[in-house]
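J.: I would like the atomic coordinates for the input below:
(chains A, B, C and D)
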Number of protein chains: 2
Amino acid sequence: MTAPLHEARTAGPGRALPDTQQGMRRRNLARVLHTVRDEGPLSRAAVASRIGLTRAAVSTLVDELIRSGLLEELGPERPGRVGRPGSALAVSAHGPAGIGAEVGVDHLAVCAVDLRGATRARAIRQGANRGRSPQPVLAELTELIRQVVAEAEGEGLWPAGLAVAVPGLVARDARTVVRAPNLGWHETDLGALLPADLPLTVDNEANFGALAELWLGDDTPRDFLHVSAEIGIGAAVVVDGGLLRGTRGFAGELGHVPVRPDGPECACGGRGCLEQYAGEEAVLRAAGLEPDEDRVGLLTGRAAEGDESVRRALRDAGTALGVALTGAVNLLDPQSVVLGGELSGLAPWLLPSLRDELARRTAGPACPVSVSGLGPQGPLLGAAHSVVRAVLDDPAAVAGQA
Amino acid sequence: MTAPLHEARTAGPGRALPDTQQGMRRRNLARVLHTVRDEGPLSRAAVASRIGLTRAAVSTLVDELIRSGLLEELGPERPGRVGRPGSALAVSAHGPAGIGAEVGVDHLAVCAVDLRGATRARAIRQGANRGRSPQPVLAELTELIRQVVAEAEGEGLWPAGLAVAVPGLVARDARTVVRAPNLGWHETDLGALLPADLPLTVDNEANFGALAELWLGDDTPRDFLHVSAEIGIGAAVVVDGGLLRGTRGFAGELGHVPVRPDGPECACGGRGCLEQYAGEEAVLRAAGLEPDEDRVGLLTGRAAEGDESVRRALRDAGTALGVALTGAVNLLDPQSVVLGGELSGLAPWLLPSLRDELARRTAGPACPVSVSGLGPQGPLLGAAHSVVRAVLDDPAAVAGQA
DNA sequence: GCTATTTCGTCATGCCGATTTACAAATTAG
DNA sequence: CTAATTTGTAAATCGGCATGACGAAATAGC
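T.: Modelled structure (predicted):
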């Protein structure tokens, strides 16, 4: 159950289903569900004409989805046109819920999202997690999860799965944290420390942030580069509506792209990596500040107050980001670049120099750079929505688990 | 006809076919054909067990493929085991042929490849095309194409399509050359100047080179970076067995990745682009040579003779390539990097410094760098094979065109 | 040799999913 | 009030694969 969830997440509607008649039916169930969700309440006839099936076929598909509790009948549409009015269908608000969780360096957060995309329950607990061992942190997280699940169940929802965003590299098994420097975790199997009654997916928070942007951003294209900064500088590459993960799952390591090949040495063995110019620590150092707990908050505050050394440090970081992104944009030709996560708060001071640098180095129109509207809650929302997506992409897999 | 060919080319077996019963059958036809082609002569029963269909189903599929002239029955297998021996099936050597063509700066080439992957006819004409207008060049090419098609028809083949590799950027319509600096062509619709009786696909020769590597290289992975050098330095990104084209089709512009952000100015507007350190002209200049017609040949010759200034220039180019590739590898996490096209001849002098640089800048094991075994004929083979692939990926589309 | 066994290819039959056709229900247009 | 239009469903049909049975062609064991 966990594996299919993970697989289905990066693909479109039921892309990974077998090529058989049953697989075809499952893909058609997904198409109906997606259509109803994306294009508001629709009659069976309207769905049929949109996805190219006959009304009869859609009828049987809808019956199955209603029986599974994924669709509900809202009753007859208000007739404005000739002919018998259709019966409006909508995605159920009392069906499965995606549970998303986030382990941050200074907080834990959990939320529940229903099929319609609405957040129906949430819980946050502040508290520094840097250096704490996984057990107590995940015990706390489990408690929050139980709380959110209980709240969601009170609203008639049932949890379909759990997705956890962590600030670190995650193995392709989607359970094991390989390395999370800001937490101090290494090779930790989160599956053993989290509720076992829910299908689990663990992923890097940059990835979930990019997916949130893809699914929830206004007019986000299907091909873009999502840049966030938590562990160094993470980027996520979205190609054709799916995440590019790389052979080892390490794609998107923008932080170690060389910016000045003769620059200072980096822990990775290279010299002049982006992280040394635009990484959290580097920017704090350049601004002459001591790292305290809420590092990004500190920078935002000082920059807003007009602290010139902080602003200069951020401008320089923007320039360095621009150099690194020029390379990435040349290589990938994305439709846009989006700054997300903690970076979105710093955008006012980073963007001008970043855009300048990118424009200067590009022949023709430069790739547009925008700021995520989701801000720091992108990863949490992306996690929860990834579970919802999995249900939408293969409704048959969860049918009858209510 | 042209569009589906183009679409099918980048995807796997019939990925783009509609999700209907007919689509399912077409995908199954493709699966049978691929299996027989890839795993040597096979009986119907062997195919059935490999692709998970029943012998009965495979029988009807095979019948259809034989009627279409794509498969042929070789007769009873030599029995070595108990039971009735199967009847060996093989991909036909008298079916459709893919016609590949290449417009190079100093030559024109055309070849015909059959379903088995064997090159069955070819024609080459040397002659400088730099600066010649498209009409006479394509008239010559058309003549070569007619010649190769006639030769292929003499062997019982029939042309299923034409794919043309050009040293320049091609629009996503797969017909129009946007810009080919080495030829001096701009916004040229090749469709109007080439035989209209064959479905046409035009693409960048770096892309075709990468596809050739993907399809013909010994153990080439499904995720790699293919670097070639013709117009500046082109790279092609192969992800999950498909080409990453980018939103405008311009993905892979490695030549303008910044290597030294404060370096010399570049025509693209930037500074210190890779092209200024590893581009053809830059290397010639660094070696103190005058550009003549066969630029790469000149370099190879001098380097082989032991000319130290040429060797130093190539070493430095390798280092610059290493810096740019470090960025690309960090971003994409490919399984390997392959040097192809004209670069393969220069590899002995480029590789050591390139590998050094990449290894130095990578924590953990560095991404392996290899040299294409196809050499300079990669693009031509890739073009011809792309047509063959299109047939293999959707046999029903060409059935009965013989 | 002769029979039993195994495997191959094919047929008749059935299942599953979608389409086609037909029809009752519910609305608007006149 | 009737005609026209549209919706949703039921019955019949079709396309595609699976199932099970059969003859054909080989080996294995006697």
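J.: Show me the shaky parts of the stretch 251-400 of chain A.
T.: A:293, A:400 (pLDDT under 70).
J.: and the residue of it nearest chain B?
T.: Closest to chain B within the stretch 251-400 of chain A is A:Asp333: 2.5 Å, counting by C-beta to the nearest C-beta. Where you see a C-beta, it was placed from the backbone N, CA and C, and this is true even at glycine.
J.: For DNA strand C, see how far away the residue lying closest to that residue once chain neighbours are set aside is.
T.: Once flanking residues are discounted, A:Asp333 sits nearest to B:Gly246: 2.5 Å by C-beta to C-beta, 6 or more residues apart in numbering or on different chains. Going from B:Gly246 to DNA strand C by C-beta to the nearest atom of the strand, to the nearest Å gives 35 Å.
J.: What parts of chain A come near DNA strand D?
T.: Applying C-beta under 7 Å from any atom of the strand, we find that chain A lies next to DNA strand D at A:20-21, A:43-46, A:55-56, A:59, A:62-63, A:81-87.
J.: In chain A, where's the longest helix?
T.: Longest helix in chain A, counting residues (DSSP state H): helix A:308-332.
J.: Buried residues, that helix. List them.
T.: A:310-311, A:313-332 (16 or more other C-beta atoms under 10 Å in any protein chain shown).
J.: counting contacts, what elements does that helix pack onto?
T.: strand A:224-228, strand A:234-239, helix A:275-278, helix A:280-286, helix A:295-305, helix A:343-360, strand B:234-239, helix B:308-332 (3 or more C-beta pairs under 8 Å, 6 or more residues apart in numbering or on different chains; DSSP states H and E).
J.: Kindly recompute the last result at 7 Å.
T.: helix A:275-278, helix A:280-286, helix A:295-305, helix A:343-360, helix B:308-332 (3 or more C-beta pairs under 7 Å, 6 or more residues apart in numbering or on different chains; DSSP states H and E).
J.: Chain A against chain B: which residues are in contact?
T.: A:19, A:24, A:27, A:223, A:235, A:237, A:239, A:244, A:246-248, A:250-254, A:256-261, A:268-270, A:323, A:326-328, A:330-335, A:360-363 (C-beta under 7 Å from any C-beta of the partner chain).
J.: Just want the residue of the stretch 301-402 of chain A that's nearest DNA strand C.
T.: A:Ala396 (9.3 Å; C-beta to the nearest atom of the strand).
J.: The residue of the stretch 251-400 of chain A closest to chain B against B:Thr247, yeah?
T.: Yes: using C-beta atoms under 7 Å, A:Asp333 is in contact with B:Thr247, at 5.6 Å.
J.: bridging residues for the closest residue to A:Gly168 other than its chain neighbours?
T.: What sits nearest to A:Gly168 in space, not counting adjacent residues and going by C-beta to C-beta, 6+ apart, is A:Ala180, at 2.7 Å. Beta bridges link A:Ala180 to A:Trp185, judged by DSSP bridges.
J.: From B:Gly322, how far out is A:Ala180?
T.: 30 Å (C-beta to C-beta, to the nearest Å).
J.: ok so, going back, in its sheet, what does the next helix or strand after the longest helix of chain A sit against?
T.: Sequence-wise, the next helix or strand downstream of helix A:308-332 (DSSP states H and E) is strand A:336-339. Sheet pairing of strand A:336-339 (DSSP bridges) gives strand A:224-228 (parallel), strand A:369-371 (parallel).
J.: for these, which one ends up most surrounded?
T.: Among the strands paired with strand A:336-339, strand A:224-228 has the highest mean neighbour count (mean count of other C-beta atoms under 10 Å in any protein chain shown), at a mean of 29.
J.: what are the ranges of the helices in the stretch 1-150 of chain A?
T.: Using DSSP state H, counting those that start in this stretch, the helices of the stretch 1-150 of chain A run over A:2-10, A:21-38, A:44-51, A:55-67, A:134-154.
J.: and the gap between the residue of the stretch 251-400 of chain A closest to chain B and B:Phe250?
T.: Applying C-beta to C-beta to A:Asp333 and B:Phe250 gives a distance of 5 Å.
J.: Repeat that for A:Glu213.
T.: A:Glu213 is 23 Å from B:Phe250, by C-beta to C-beta.
J.: Comparing those two, which residue is more hemmed in?
T.: A:Glu213 (26 against 19; other C-beta atoms under 10 Å in any protein chain shown).
J.: residues contacting the more buried one?
T.: Listed by C-beta atoms under 7 Å, 6 or more residues apart in numbering or on different chains, the contact set of A:Glu213 reads A:220, A:226, A:338, A:340, A:372, A:374, A:378.
J.: Kindly report the same for A:Ala359.
T.: Here A:Ala359 is in contact with A:Ala366 (C-beta under 7 Å, 6+ apart).
J.: Likewise for A:Ala324?
T.: A:254, A:257, A:259, A:274.
J.: on that earlier part again, of all the helices and strands packed on helix A:308-332, which lies closest to B:Thr35?
T.: Closest approach to B:Thr35 among the helices and strands packed on helix A:308-332 is made by helix B:308-332 (30.5 Å; C-beta to C-beta).
J.: Centre of the chain to that closest one, how far?
T.: 23 Å (C-alpha atoms, centre = their mean, to the nearest Å).
J.: how many neighbours does A:Ala56 have?
T.: The number of residues near A:Ala56, taken as other C-beta under 10 Å, comes to 10.
J.: Which residues of the stretch 51-200 of chain A lie near DNA strand C?
T.: So far as C-beta under 7 Å from any atom of the strand goes, the stretch 51-200 of chain A lies against DNA strand C at A:52-54, A:56-57, A:60-61, A:76, A:79-85.
J.: May I ask which of those has the most neighbours?
T.: Going by other C-beta under 10 Å, A:Leu61 tops those with 24 neighbours.
J.: distance of that one from DNA strand D?
T.: In terms of C-beta to the nearest atom of the strand, A:Leu61 sits 10 Å off from DNA strand D.
J.: so that residue makes contact with A:Asn28?
T.: Yes: counting by C-beta under 7 Å, A:Leu61 does reach A:Asn28; the two are 5.8 Å apart.
J.: Between these two, which contacts overlap?
T.: Joint contacts of A:Leu61 and A:Asn28 (C-beta under 7 Å, 6+ apart) do not exist.
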